[in-house]
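1. Show me the folded form of this:
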Amino acid sequence: MEKETVMTILLPFLGVILSLLIPACSPTTKGDLANLRSPNDAVKMEAIQKFSRREGFPLSLLGRHLNQNTERKAVAIMVELLRSGKESEDIQLSILKAMGELGKRTQVSASSLIEKLRDGNPRIRLTAVESLGKIRDETAVPALIRLLDTETEKYPIIWALGEIGDKRAVPALNQLLASQDKYTRYNTNKALRKIR
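-> Sure thing, here's the model as predicted:
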């Protein structure tokens, strides 16, 4: 069989397969965007969790471009929700986690996460730290270094600084090598190796 004949036979089948797979690939919809603004926390939480899921088959094979526009809009809504000051602790934690995951696939500004480093709730602060480590935005480094001085739970901050990999963190991390806590020293060494 000639190449052209094989292609003529296969192309329609490929088109049918792709038309079936593409809708299944899109784990998020415009309806999910609307649900992010729902007054019902359960509906809002479900939408947030949908956006925070990692890509699986077949989306990972077909490319990230299928959801990028929806994900950018979701990030904007989530930033708005975080800054409103009206959301419950559970919703804020879910949003922060989702933004860390979304930051691996689309642009997430670190500024809204950095703002949460000053929150009075340690769970919110440390979840923001973890998300900053996932999105690896170097603008967060000065705020994370400052947080090292005040936060009792230092491991997430050390990890985040290592993930970001900015050399500005080296002096602050070097100071932690003198810590009495062997786990602090161990995690600091790991972070410093990542940076170097």
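
2. Point to the helix or strand of the chain where mean pLDDT is at its lowest.
-> When each helix and strand of the chain is scored by mean pLDDT, DSSP states H and E, helix 59-62 comes last, with a mean of 48.

3. Could you spell out which stretches of the protein belong to which domain?
-> Using automatic domain parsing, the domain parsing of the chain gives 1-107, 109-196.

4. looking at the ones you listed, which is buried most?
-> domain 109-196 (a mean of 17; mean count of other Cβ atoms under 10 Å). The way it works is simple: take the backbone N, C-alpha and C, and place the C-beta from them, glycine included.

5. pretty sure Tyr155 is touching Thr184, no?
-> Yes. Here Tyr155 reaches Thr184: they are 7.4 Å apart, a contact under Cβ atoms under 8 Å.

6. quick one on the thing from earlier: need the least confident one among the domains of the chain, by mean pLDDT.
-> When the domains of the chain are ranked by mean pLDDT, domain 1-107 comes last with a mean of 77.

7. Gln107 reaches Val75, doesn't it?
-> Yes. Using Cβ under 8 Å, Gln107 is in contact with Val75, at 7.4 Å.

8. quick one, what contacts the closest residue to Arg168 other than its chain neighbours?
-> Among residues not flanking Arg168 along the chain, Val141 sits closest, at 5.1 Å (Cβ to Cβ, 6 or more residues apart in numbering). Residues near Val141 by Cβ atoms under 8 Å, 6 or more residues apart in numbering: 161, 164, 166, 168-169.

9. From those, which land in helices?
-> With helices defined by DSSP state H, the entries of those inside them are 161, 164.

10. Switch the contacts of Val141 over to TSV; also include distance to Ala98.
-> TSV is the format used below for these (distance: Cβ to Cβ, whole Å):
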residue	distance to Ala98
Leu161	22
Ile164	19
Asp166	24
Arg168	28
Ala169	25
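
11. Of the contacts of Val141, which is the nearest to Leu36?
-> Proximity of the contacts of Val141 to Leu36 (Cβ to Cβ) peaks at Ile164, which lies at 27.4 Å.

12. From Thr70, how far out is that closest one?
-> Noted for Ile164: a distance of 27 Å to Thr70, by Cβ to Cβ, to the nearest Å.

13. check which helix or strand covers the residue sitting nearest the centre point of the chain.
-> Nearest residue to the geometric centre of the chain (Cα atoms, centre = their mean): Gly100, 1.5 Å. Assigned by DSSP states H and E, Gly100 belongs to helix 89-102.

14. After that helix, which helix or strand is next?
-> Where DSSP H and E defines the elements, the next helix or strand beyond helix 89-102 is helix 110-115.

15. Chain neighbours aside, what residue packs nearest to Trp159?
-> Trp159's closest residue in space is Gly133 (Cβ to Cβ, 6+ apart), at 5.7 Å.
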